[in-house]
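Undergrad: here's a sequence, model it:
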Amino acid sequence: MQNSQLILILKTFSKKELRELRKWLDSPAHNQREDVIQLFEYLTWGDYLDNERYLKKEKIFSKIFPKEAFDDAKLRQTMHFLLKATEDFLLWQEYQEDPVQMRITLAGVYRKRKLNKVFLKTVRLSEELQEKSAYRNEAYLRNEYLLQQEKYMFHEGKEHTTKKMNLQEVSDALDMTFIAEKLRQSCLMLAHQAVYRADYQMRFLKELIEYVHNSDLMQVPSIAIYYYSYRMLSERDNPMYFEELKKQITQNGHLFPNSETQVIYVAAINYCIGRLNLGEEKYFREAFELYRRGLEEKILIQNDTIDPYTFTNVSAISLKLKEFKWLDHFIHNFKDYLEAQHRENFFQFNLARLRYEQKDYDTAMHLLAQTDFDDILINLNAKVMLFKMYYELEEIDAMESLLVSMRAYLQRKKIMGYGRSNYQNFIRYSAKLLRVSPYNSAQKDKLRQQISSADRVAERDWLLKQLEAL
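TA: Numbers count the residues shown, from 1 in each chain. The predicted model follows:
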């Protein structure tokens with residue numbers, strides 16, 4: 001039962017949602033079976049949903065039907081009715097998220113029943129709600145199309161109507177909905193294609209881009225923001241589109257729900273990271289400002305959660321820019337947005353990095369020593385940081401011991417590709433750095449050439465800096 005659809009769905013419910021679902025089940029319009037309520041009560045008691053011993057079919061059946069012999073078919077039927085009621089609740093809950101669409105649907109019901117006055121009143125209310133909508137995304141444009149479509153069908157259904165039809169408005173609303181969604185979808189395809197080497201066919205894009213460029217549609221926020229996103233992603237060597245996208249984010253970012261704005265921010269941040277990989281260091285500041293604003297406005301926080309690798313990337317960029325005060329605030333004040341299973345590891349590691357950069361080696365070493373990092377790359381980076389501190393403190397024995405343990409760790413763990421090469425080369429060249437004579441120029445030149453020409457080396461710049469200092 002642990003992996004049944006019903007259990008998996010209920011596990012995602014918050015306490016508030018479970019209370020609302022209980023009220024839903026109490027209504028005869030949604031459920032008329034007492035066994036369904038009893039099953040719900042049993043499953044949501046304490047930690048039963050997360051404890052396999054409480055989810056055995058025989059145990060559940062005996063609680064719901066205490067005087068009957070186990071009947072698998074009967075239990076499955078009760079589970080089916082609870083699942084159906086739960087799905088209906090989820091649909092209703094989702095439907096409540098868009099009051100404009102709800103009213104448009106209701107207007108359609110009144111139109112079919114030929115309740116003309118009520119239809120017109122409902123359409124007017126829909127238009128008022130549409131105008132007051134906080135967002136101007138594709139969903140807003142789609143609702144505008146649906147409204148125009150309802151108005152057309154209302155008048156088209158009348159016999160011998162002489163009223164001017166709103167076909168132009170229907171067509172314009174449909175065009176804007178299509179253009180906004182086509183551009184948004186194309187941005188998603190480009191971003192996915194860059195990471196996974198997929199080969200997508202993006203039809204009509206050349207004609208669409210040209211049409212938007214020559215029209216006045218840039219006044220439509222959901223078209224403008226995805227137009228510049230698409231051009232930024234497809235013409236990466238032209239920074240103009242990144243700059244225009246930043247302006248759009250500043251001017252119109254508040255017109256999109258956070259989940260959608262997050263995607264736009266991530267696209268802009270990934271563009272910065274791509275430029276950084278090409279050596280354009282000015283994009284450290286650009287990425288930092290996007291991260292800072294996205295975090296302070298809670299755009300990069302979804303469901304009260306920060307991705308742990310976003311947490312680490314923010315730290316790395318802040319350290320590069322020596323934004324130590326802001327980073328200290330971020331690490332301490334945003335750590336609770338990390339999921340519980342990651343929280344202490346990523347908090348301790350990133351705080352250790354900050355203390356290392358501030359030359360507070362005692363605190364950094366203490367933080368690294370008191371945590372056993374589960375993540376392989378975090379663990380390796382922690383060991384590299386420890387080595388750098390030992391080196392600067394001239395603790396030779398500790399350095400040699402650490403390199404041995406790193407080599408053994410790499411042999412035990414499954415880390416593939418360039419990640420393995422990065423750390424293997426760090427170990428190799430760090431060992432050579434410890435042995436090189438500071439008075440032998442030829443030896444130093446040879447090691448410098450090896451480090452510089454290697455394909456992958458973790459902390460290449462640090463190694464070269466220490467070599468120069470000999």
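Undergrad: could you list the low-confidence segments of the chain?
TA: The chain contains residues with pLDDT under 70 at 2, 159-162, 415-418.
Undergrad: next, the buried residues of the host helix or strand of residue 266.
TA: If you go by DSSP states H and E, residue 266 is part of helix 258-277. Buried positions in helix 258-277, judged by neighbour count with 16 or more other Cβ atoms under 10 Å: 258, 260-272, 275-276. No exception for glycine: its C-beta is placed from N, CA and C like everyone else's.
Undergrad: ok, now stretch 42-59?
TA: So stretch 42-59, judged by 16+ other Cβ under 10 Å, has buried residues 43, 44, 48, 49, 54, 55.
Undergrad: tell me the angle the following helix or strand past the helix holding residue 266 makes with helix 258-277.
TA: Using DSSP H and E, the next helix or strand after helix 258-277 towards the C-terminus is helix 283-296. Relative orientation of helix 283-296 versus helix 258-277 (axes from the mean of the first three to the mean of the last three Cα atoms, to 10 degrees): 160 degrees.
Undergrad: who does the next helix or strand after helix 283-296 touch, helix- and strand-wise?
TA: Counting by DSSP H and E, the next helix or strand C-terminal to helix 283-296 is helix 308-320. Where contact means 3 or more Cβ pairs under 8 Å, 6 or more residues apart in numbering; DSSP states H and E, helix 308-320 is packed against helix 283-296, helix 324-334, helix 340-357.
Undergrad: now for the first one, which elements pack on it?
TA: Yep, that's helix 283-296 we're talking about. Counting by 3+ Cβ pairs under 8 Å, 6+ apart, helix 283-296 packs on helix 258-277, helix 308-320, helix 324-334.
Undergrad: share the number of residues neighbouring the residue nearest to residue 58 when sequence neighbours are not counted, please.
TA: Distances taken as Cβ to Cβ, 6 or more residues apart in numbering place residue 70 nearest to residue 58, at 5.3 Å, with adjacent residues excluded. Residues contacting residue 70 under the criterion other Cβ atoms under 10 Å number 13.
Undergrad: again with residue 245
TA: Neighbour number of residue 245 under other Cβ under 10 Å is 24.
Undergrad: for it, give me its contacts.
TA: 225, 228, 229, 232, 264, 267, 268 (Cβ atoms under 8 Å, 6 or more residues apart in numbering).
Undergrad: from the residues you listed, which is closest to residue 298?
TA: residue 264 (14.8 Å; Cβ to Cβ).
Undergrad: thinking that closest one is in contact with residue 229, fair?
TA: Yes. Judged on Cβ atoms under 8 Å, residue 264 makes contact with residue 229 at a distance of 6.3 Å.
Undergrad: now residue 74: which helix or strand?
TA: Going by DSSP H and E, residue 74 is part of helix 72-95.
Undergrad: got a list of contacts for that helix?
TA: 4-6, 9-10, 17, 20-21, 24-25, 30-31, 33, 35-36, 39-40, 57, 60-61, 64-65, 68, 101-102.
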